[in-house]
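K.L.:
Sharing a model prediction with you, sequence too.
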Amino acid sequence: MEIDDLTPAEQRVWRAFATARTVDFRADREAGGPEPALRAAVLRALLLNGPREPGEVAALRVVGARITGVLDLRYATVDSVIRLNHCRFEETPRLAGAQFNYVTLRDSVLPGLAAAHTRIDGGLRLTRCRVDGPVHLSRAQISGALYLDGAEITTTDPADPVLQLNQVSIDDDLCARGLRARGLIRLDGASVAGSIDLDDAELSNPGAHVLDGESLDVGANFLGRRLRAHGRIDLRGARIPGRVDLLYATLAGPGDTALRASSCVIGELWLRGGPPVEGRLNLRRAEINQLHLEPEMLPGQVRLLDLTYTFLTPHEPAERRLPMLERDDGAFDPHAYEQLTAAYRNTGDDRAARLVQLAKLRRHRSTLPWYGRLWGHLQDAAVGYGFRPLRAAVWLLSLLAAGSVAFALEHPRALKASEAPDFDPVFYTLDLLLPVISFGQESAFAPSGWHQSLSYVLILTGWILATTVVAGVTRTVSRQ
């Protein structure tokens, strides 16, 4: 392409390219002149066959221009830095399969971006861009960082992901603070060596997935402080060794799952400070070292089957943690109770651990047939399944007092008056209550009338009490 075929604005850009000078058209627009227009075909020719000067690094640096036509660099190799900031693209740039050193489109307006399978040796900066169509970066390889801070991306087709980053490989961070996205963000199979930063972002795709990060691999943290997500966040199978930081986040997936982190391996999950999660929370089969979970943020439904964690913070009484297990809409899962018990024992709170075990047995009782439930109620009332052994002493003393008073008012007759010992109402009642120990009173006297009925009640109660005590003690010893 000859320079004589170029417009004055294009000539300025052509001459500045060889020495990497910046051409800023904003002053011309502020002076009331026409909006400078650059043909995409001219930029393509400049990047592929533009002039070079010895000892200089060529670069395309343009600010405040309108790009007409399609910037088509598919499968091209561009060794020059591209900086097209504050520009307005009339057509979607086509960069699929191309190789670049560094690309920045900061503060620009685009109808979309097609850059699948692109390789960028430096970074890609889309900071504060406004994109009115899908951004396709699937399977792209970015050696630096991907910047989406303050960007606004929307699409008119709900079936098309607004930001397609599936199988993308980023060797640094994915910076998207303050991102506003209206549609699905696909991150499934993506690999980010650094952190994903979605602090203060606003993601909206009501009634559908807002972020799909299945099998996402993050080298450090997934940050989402003050994140506002209206739609389903799916992190199933993700590996995040650092923090999943959702402090002060708003998660809303009405009638669906708001957050799914099942089968994940996560260093720390922080979920506190925000409003209650609206929708289901799914942490099934996840492995989390520290679960920082505030009870106030829990939704009405949680799924915790086979969830494992080492530490549960902040430290809360067992009465505030147990509703989390009772909200699981699946079948009774003893593993969830064992995990909570272990978390309390790790902090030395044995009382809370016992309360969780007691709640587990009561929950299990509801799954038994009627005779199992009846026996469970007896064990619970008698000794609290072995966790409240003092109840046995209270029952024993109460029955002992009642029997002693009753038999003291009216002595039962002696079977053999000449051989019978002196009657003692206390030890006679103990003989009836204790099935193993004998004081020689029960075999020497025979009650009659309602006293006989009372003796039967004491004998039966004694056997039940003894059996429940033995069952409770056995359960306690087996746990230790």
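P.N.:
In hand now; what should we look at?
K.L.:
Contacts only, for residue 61.
P.N.:
16, 20, 21, 22, 23, 81, 83 (Cβ atoms under 8 Å, 6 or more residues apart in numbering). (C-beta placed from N, C-alpha, C; glycine too.)
K.L.:
Burial check on the second one, number of neighbours?
P.N.:
Right, residue 20. Neighbour count of residue 20, defined by other Cβ atoms under 10 Å: 16.
K.L.:
and it, which of the three is it?
P.N.:
coil (DSSP: H, G, I helix; E, B strand; the rest coil).
K.L.:
in this structure, which ranges drop under the pLDDT threshold?
P.N.:
For the chain, the stretches with pLDDT under 70 are 1-4, 29-33, 158, 329-331, 378, 381-383, 385-387, 389-392, 467-480.
K.L.:
what ranges do the helices span in it?
P.N.:
Residue ranges of the helices in the chain, as given by DSSP state H, are 8-17, 26-30, 40-49, 318-326, 334-346, 350-365, 370-383, 390-409, 425-433, 450-479.
K.L.:
Can you tell me which of these is packed in deepest?
P.N.:
The highest mean neighbour count among the helices of the chain, using mean count of other Cβ atoms under 10 Å, belongs to helix 425-433: a mean of 22.
K.L.:
the inter-axis angle of that one versus helix 390-409?
P.N.:
120 degrees (axes from the mean of the first three to the mean of the last three Cα atoms, to 10 degrees).
K.L.:
Please tell me I have it right and residue 121 contacts residue 103.
P.N.:
No. Using Cβ atoms under 8 Å, residue 121 is not in contact with residue 103, being 10.2 Å away.
K.L.:
Please tell me how far the spatially most central residue of the chain sits from residue 144.
P.N.:
Nearest residue to the geometric centre of the chain (Cα atoms, centre = their mean): residue 261, 4.9 Å. Going from residue 261 to residue 144 by Cβ to Cβ, to the nearest Å gives 28 Å.
K.L.:
hmm, back to that, from the contacts of residue 61, which two are the most distant?
P.N.:
Greatest spatial distance among the contacts of residue 61 (Cβ to Cβ): 23 and 81, at 13.9 Å.
K.L.:
Mind checking which of these two has more residues around it?
P.N.:
residue 23 (20 against 17).
K.L.:
May I have the beta-bridge partners of the more buried one?
P.N.:
For residue 23, the beta-bridge partners are residue 62 (DSSP bridges).
K.L.:
what sits against it?
P.N.:
Contacts of residue 23 by Cβ under 8 Å, 6+ apart are 12, 13, 16, 61, 62, 63, 65.
K.L.:
Please repeat the previous calculation with a cut-off of 7 Å.
P.N.:
12, 13, 16, 61, 62 (Cβ atoms under 7 Å, 6 or more residues apart in numbering).
K.L.:
And for residue 25?
P.N.:
9, 36, 63, 64, 65.
K.L.:
Determine how far stretch 115-129 lies from the middle of the whole chain.
P.N.:
Put simply, stretch 115-129 sits 29 Å off its chain's centre (Cα atoms, centre = their mean, to the nearest Å).
K.L.:
Quick check: buried residues in it?
P.N.:
115-120, 122-129 (16 or more other Cβ atoms under 10 Å).
K.L.:
One more: stretch 131-140?
P.N.:
Buried, per 16+ other Cβ under 10 Å, within stretch 131-140: 131, 133, 134, 135, 136, 137, 138, 139, 140.
K.L.:
quick one: residue 18 from residue 46, how far?
P.N.:
Counting by Cβ to Cβ - residue 18 and residue 46 are separated by 10 Å.
K.L.:
Overlap in contacts, the two.
P.N.:
With Cβ under 7 Å, 6+ apart, residue 18 and residue 46 have no common neighbours.
K.L.:
Between the helices of the chain, which one is closest to residue 416.
P.N.:
Short answer: helix 425-433, nearest of these by Cβ to Cβ, at 15.7 Å.
K.L.:
quick one: contacts of that closest one?
P.N.:
Looking at helix 425-433 with Cβ under 7 Å, 6+ apart, the contacting residues turn out to be 396, 399-400, 403-404, 407-408, 438-439, 441-442, 445, 455, 458-459, 462.
K.L.:
next one: stretch 263-274
P.N.:
Contacts for stretch 263-274 (Cβ under 7 Å, 6+ apart): 235-250, 285-294, 297.
K.L.:
Now do stretch 246-265: distance to the chain's middle.
P.N.:
6 Å.
K.L.:
Sorry, slip of the keys, the one I care about is stretch 233-241.
P.N.:
With Cα atoms, centre = their mean, you get 8 Å for stretch 233-241.
K.L.:
ditto for stretch 98-110
P.N.:
33 Å.
K.L.:
what's the first-to-last distance across it?
P.N.:
Taking Cα to Cα, to the nearest Å as the measure, stretch 98-110 stretches 19 Å from start to finish.
K.L.:
If you count neighbours, what's buried in that stretch?
P.N.:
For stretch 98-110, by 16+ other Cβ under 10 Å, it's 98-110.
K.L.:
Between the residues you listed, which sits nearest residue 223?
P.N.:
Within those, the smallest distance to residue 223 is 21.5 Å, found for residue 106 (Cβ to Cβ).
K.L.:
Contacts only, for that closest one.
P.N.:
85, 125, 127, 128.
K.L.:
Grab the nearest non-local neighbour of the last one.
P.N.:
Closest residue to residue 128 apart from its sequence neighbours, by Cβ to Cβ, 6 or more residues apart in numbering: residue 150 at 4.1 Å.
K.L.:
correct me, but the one you found touches residue 178?
P.N.:
Yes. Between residue 150 and residue 178 there is a contact at 4.5 Å, judged by Cβ atoms under 7 Å.
K.L.:
Let me know the outermost residue of this structure.
P.N.:
Distance to centre of the chain, Cα atoms, centre = their mean, peaks at residue 418 (79.7 Å).
K.L.:
For residue 444, see how far away that one is.
P.N.:
11 Å.
K.L.:
before we move on, what about residue 380?
P.N.:
On the measure of Cβ to Cβ, residue 380 and residue 444 end up 36 Å apart.
K.L.:
Please apply the same query to residue 227.
P.N.:
80 Å.
K.L.:
Over to residue 12?
P.N.:
From residue 12 to residue 444 the distance is 122 Å (Cβ to Cβ).
K.L.:
now the strands for the stretch 201-350 of the chain?
P.N.:
202-212, 217-218, 222-223, 228-234, 239-245, 250-260, 265-271, 278-282, 287-293, 302-303, 308-313 (DSSP state E, counting those that start in this stretch).
K.L.:
Can you add distance to residue 341 and mean neighbour count and give these back as TSV?
P.N.:
Shown next, in TSV, are the strands of the stretch 201-350 of the chain (distance: least, Cβ to Cβ, whole Å; neighbours: other Cβ atoms under 10 Å):
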stretch	distance to residue 341	mean neighbour count
strand 202-212	34	20
strand 217-218	31	22
strand 222-223	29	24
strand 228-234	29	23
strand 239-245	24	20
strand 250-260	25	20
strand 265-271	20	20
strand 278-282	21	21
strand 287-293	14	19
strand 302-303	18	22
strand 308-313	11	17
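K.L.:
so which of those strands comes closest to residue 171?
P.N.:
Between these, strand 217-218 lies closest to residue 171; by Cβ to Cβ that is 12.4 Å.
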